[in-house]
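Peer 1: could you work out the structure for the sequence below:
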Amino acid sequence: MKSKRLSMARSHEALRDNQGGAMSRRRFVEAGVASVALVGLAPLLMPWRVAGAEAAAAAGAGSYPGVSSYRNFNLALFVELSDMRRMASDPQWMAETWSLISRNMKVGKVWLETYRDTQTTAEADVRKVKDFFAGKGVKISGGIMATGPGRDGDHLAGFCYSNPDDREKFRKIVAYTAGLFDEIIFDDLFIFNCRCELCQKAKDALGLSWTDYRLKVMKEVGEDLVVKNAKSVNPNVNLIIKPPNWYEQYQFSGYNLEAQPKAFDMIYCGTETRDAENTNMHLQPYQSYNIMRFYEHIKPGKFGGGWVDPGQRQTLNRYTEQLEDTLFARPKEITLWSYGGGLETLRQADGTARVTSVLYEDAGDTFDKLDSFLGKLGQPVGVATYKPYNSSGEMYLHNYVGMIGVPMDMYPEFPEDRGTVFLTESAKFDPDLVTKILKHLNADKTVIITTGLLRALQGKGIERVVEVEDTGRKATVNIFTFRFSMDEEPANLYHADGDIEIPELAYGLVDCEEIIQGIYKENNRYSMLLQVRGFAKGRFFILTIPENFDDLYHLPPEILSQIRRDMMQDIPVYLDSPARICLFAYDNNTFIAKSYQPFPVRYNIVIKKAGARLFDLRSNRPLQGYVNGSTTQFEVRHEARTYNVYRFE
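Peer 2: The predicted model follows:
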């Protein structure tokens, strides 16, 4: 259909008007600090808005007595055991460093660590530090890092919970800390990864795998050695479990996301993703947001917030990007680890030392900018995706999908109330999955599964839905085409910037239709997105996942946009853009577009409404767009490593 223009949006002048204005940070050239473009929010119209989002956010965030807190979130700082000891022995250092920190950031809470790596903070030292922060009006809570000594070359170890002596040590640490604080957080490594002879015998006696044995033991440890034990000392203590960032692999070291959150009063999560390209975890930046949404669904209303550290980053802005992505999920609180880890010491000409912090200065700048608009956003929304408790498969794929501009909303239970559900291989851990898929389709809803899940369910019931086979063969493709619907013919060819290896599927051509095809040497065509025919209600798709997840980023923008259109039926906006530009959507006609591209990019924002209007935040100035069929499109130029915030009506 020919576009009806609302304005000359294609002109250079209009495009310039649609460039998000950048609020520059200080220019750390070598560190690569990005500018931040904040784009508009104002009164909104949307039928599925949750009313009072701003007021609810303010009420949820709150503020601690005596502290000038941020309006839309609380900021906490974790004080590690070594810093606790230094504070207690050097009150001047404690006062000087706190003065520096509080000039840059509005800290409302500190976690004071009592135990780490076989070392305990003496009670007298704890009380000295508590008294100092109490005098500053800061909320004070306790923290435990339940790590043991390990052995040479293998120091990443928790307690051995098969060993009565280790259990007693841990029990005493928890009781000691509960006697000092009314709130305790159990940091990253509350794990059980021991394989000693005691563990081997106990596991074998029960006939369990290592994973099942550890899940069973840590359920009991959480219920008895933590909750019952701590509350026998302090009945009012608030107990928080905070697993780390590697959510796909929790169960292998005993983190039990099904049982432990039920025992503890609250949960918290690590959102550090560090540098995806140069660190061994290879976590995608989008995970800092995605894991937050997952935890909110695990314990609704009792999710404390996200936790970021400055480790393993190549540039300074990778640190602040993690803060941004964490807070885009609208948590009550964010914690920075750790107090001394963000400080630097500069030697002066006279031989004295001055404490400074580029990290805390930049974090404070980031928090101020975020706090200026977070209260205008609604509640986060995305494509519902299902990762059962203690499951794994196609590890971390959800974050790669988030990085191609499809917002994710991950649930630990099948989200039957949502219109579209996206299922990766991890969903295979649900023995009733196929029945749930059919029920969802028969309710006139959409299910999209990956080729990894198809392969896992072959011979295990997926044939009740469709007879499509993963042949086990691989195909190499580098050209693509697509159609908007099954009743059209594909048109135009789009080239990737390299070869992409995919699994080859076998299916009946009348039974299914390729919405997106991958092509090799023009004559060989393979499915990239397959839609199944014949359902009286509902829509069923199979999304082909490249053998290397990173290759999703190399798909042509036109192909990515078709994936977005079919996956994002329930979301009123999408980005017609390359990969690595993320969309964070909210339920009140607001959204954030964030670029992880290393250079400026021009693309279209597509609002699924003819005649829609789009505004930026700083000026409340409308962007110029044009009608294209049932949508309105706005061409923008997005600066590298920045985010823009929008509202539409």
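Peer 1: would you mind measuring from the residue sitting furthest away from the middle of the chain to residue 114?
Peer 2: With distances taken from the mean C-alpha point of the chain and given as Cα atoms, centre = their mean, the most distant residue is residue 350, at 46.5 Å. Relative to residue 114, residue 350 is positioned 38 Å away (Cβ to Cβ, to the nearest Å). For the C-beta atoms, the positions are set from N, CA and C on the backbone; glycine is no exception.
Peer 1: next one: residue 524
Peer 2: When distances are taken as Cβ to Cβ, residue 524 and residue 114 turn out to be 63 Å apart.
Peer 1: more neighbours: which of these two?
Peer 2: For residue 524 against residue 114, the residue with the higher neighbour count under other Cβ atoms under 10 Å is residue 114, and the figures read 26 against 13.
Peer 1: give the rounded mean pLDDT of the helix or strand hosting that one.
Peer 2: When secondary structure is defined by DSSP states H and E, residue 114 falls within strand 109-116. Along strand 109-116, the predicted confidence averages to a pLDDT of 98.
Peer 1: can you show me the CA trace of that strand as PDB?
Peer 2: Presented in PDB, the C-alpha positions along strand 109-116 are these (Å, rounded to 0.1, in the frame of the first residue of the first chain):
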ATOM      1  CA  LYS A 109      21.300   1.700  52.600                       C
ATOM      2  CA  VAL A 110      24.400  -0.200  53.300                       C
ATOM      3  CA  TRP A 111      24.900  -4.000  53.500                       C
ATOM      4  CA  LEU A 112      27.600  -4.700  56.100                       C
ATOM      5  CA  GLU A 113      29.400  -8.000  55.500                       C
ATOM      6  CA  THR A 114      30.000 -10.300  58.500                       C
ATOM      7  CA  TYR A 115      31.600 -13.300  56.800                       C
ATOM      8  CA  ARG A 116      33.600 -14.200  53.700                       C
END
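Peer 1: what does it contact?
Peer 2: Taking Cβ atoms under 8 Å, 6 or more residues apart in numbering as the criterion, the residues outside strand 109-116 that touch it are 64, 74-81, 84, 120-121, 126, 129-130, 133, 138-147, 173, 176-177, 180-181, 185, 187, 333, 335, 339.
Peer 1: quick one, strands of the stretch 451-600 of the chain?
Peer 2: Listed in chain order, the strands of the stretch 451-600 of the chain (DSSP state E, counting those that start in this stretch) span 469-482, 491-506, 512-520, 524-532, 539-543, 573-576, 581-586, 590-595.
Peer 1: will you turn those into JSON lines that also has mean pLDDT and distance to residue 395?
Peer 2: What follows is the strands of the stretch 451-600 of the chain, written out as JSON lines (pLDDT from 0 to 100; distance: least, Cβ to Cβ, whole Å):
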{"stretch": "strand 469-482", "mean pLDDT": "97", "distance to residue 395": "18"}
{"stretch": "strand 491-506", "mean pLDDT": "96", "distance to residue 395": "17"}
{"stretch": "strand 512-520", "mean pLDDT": "96", "distance to residue 395": "23"}
{"stretch": "strand 524-532", "mean pLDDT": "96", "distance to residue 395": "21"}
{"stretch": "strand 539-543", "mean pLDDT": "98", "distance to residue 395": "17"}
{"stretch": "strand 573-576", "mean pLDDT": "98", "distance to residue 395": "26"}
{"stretch": "strand 581-586", "mean pLDDT": "98", "distance to residue 395": "20"}
{"stretch": "strand 590-595", "mean pLDDT": "98", "distance to residue 395": "23"}
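Peer 1: can you redo those strands as a markdown table with distance to residue 564?
Peer 2: Formatted as a markdown table, the entries for the strands of the stretch 451-600 of the chain read as follows, by distance: least, Cβ to Cβ, whole Å:
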| stretch | distance to residue 564 |
| --- | --- |
| strand 469-482 | 12 |
| strand 491-506 | 15 |
| strand 512-520 | 12 |
| strand 524-532 | 11 |
| strand 539-543 | 12 |
| strand 573-576 | 4 |
| strand 581-586 | 8 |
| strand 590-595 | 13 |
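Peer 1: just so I know, which of the ones you listed lies nearest residue 209?
Peer 2: Judged by Cβ to Cβ, the one of those that comes nearest to residue 209 is strand 469-482, at 26.1 Å.
Peer 1: quick one: low-confidence ranges for this protein?
Peer 2: Counting by pLDDT under 70, the chain shows low-confidence ranges at 1-68, 618.
Peer 1: domain ranges for it?
Peer 2: The chain breaks down into these domains under automatic domain parsing: 12-43+574-648, 72-376, 383-570.
Peer 1: quick revisit: partners of the strand holding residue 114, with directions?
Peer 2: The partner list of strand 109-116 in its sheet, established with DSSP bridges, is strand 74-79 (parallel), strand 119-120 (antiparallel), strand 139-145 (parallel).
Peer 1: may I have the longest one as CSV, with CA atoms only?
Peer 2: Right, the one you point to is strand 139-145. Taking Å, rounded to 0.1, in the frame of the first residue of the first chain, the C-alpha atoms of strand 139-145 are listed here in CSV:
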residue,chain,number,x,y,z
LYS,A,139,19.5,2.0,56.6
ILE,A,140,21.8,-0.8,57.8
SER,A,141,21.6,-4.4,56.9
GLY,A,142,23.9,-7.4,57.1
GLY,A,143,25.5,-9.5,54.4
ILE,A,144,27.0,-13.0,54.2
MET,A,145,29.2,-14.5,51.4
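Peer 1: now tell me what touches it from outside.
Peer 2: The contact list for strand 139-145, computed with Cβ under 8 Å, 6+ apart, reads 64, 67, 76, 78-79, 81, 108-117, 130, 133-134, 173-174, 177-178, 180-190, 238.
Peer 1: past that strand, which element shows up next along the chain?
Peer 2: If you walk from strand 139-145 toward the C-terminus, the next helix or strand you reach (DSSP H and E) is helix 164-178.
Peer 1: again, but for the second one
Peer 2: On the C-terminal side of strand 119-120, the closest following helix or strand by DSSP H and E is helix 123-135.
Peer 1: elements contacting that next one?
Peer 2: Secondary-structure packing of helix 123-135 (3 or more Cβ pairs under 8 Å, 6 or more residues apart in numbering; DSSP states H and E): helix 81-89, helix 91-104, strand 109-116, strand 139-145.
Peer 1: so for residue 320, which of those sits nearest?
Peer 2: With Cβ to Cβ as the measure, helix 91-104 is the member of these nearest residue 320 (12.7 Å).
Peer 1: that closest one to helix 81-89, inter-axis angle?
Peer 2: Between the axis of helix 91-104 and that of helix 81-89 there is an angle of 120 degrees, by axes from the mean of the first three to the mean of the last three Cα atoms, to 10 degrees.
Peer 1: cool, thanks, talk later.
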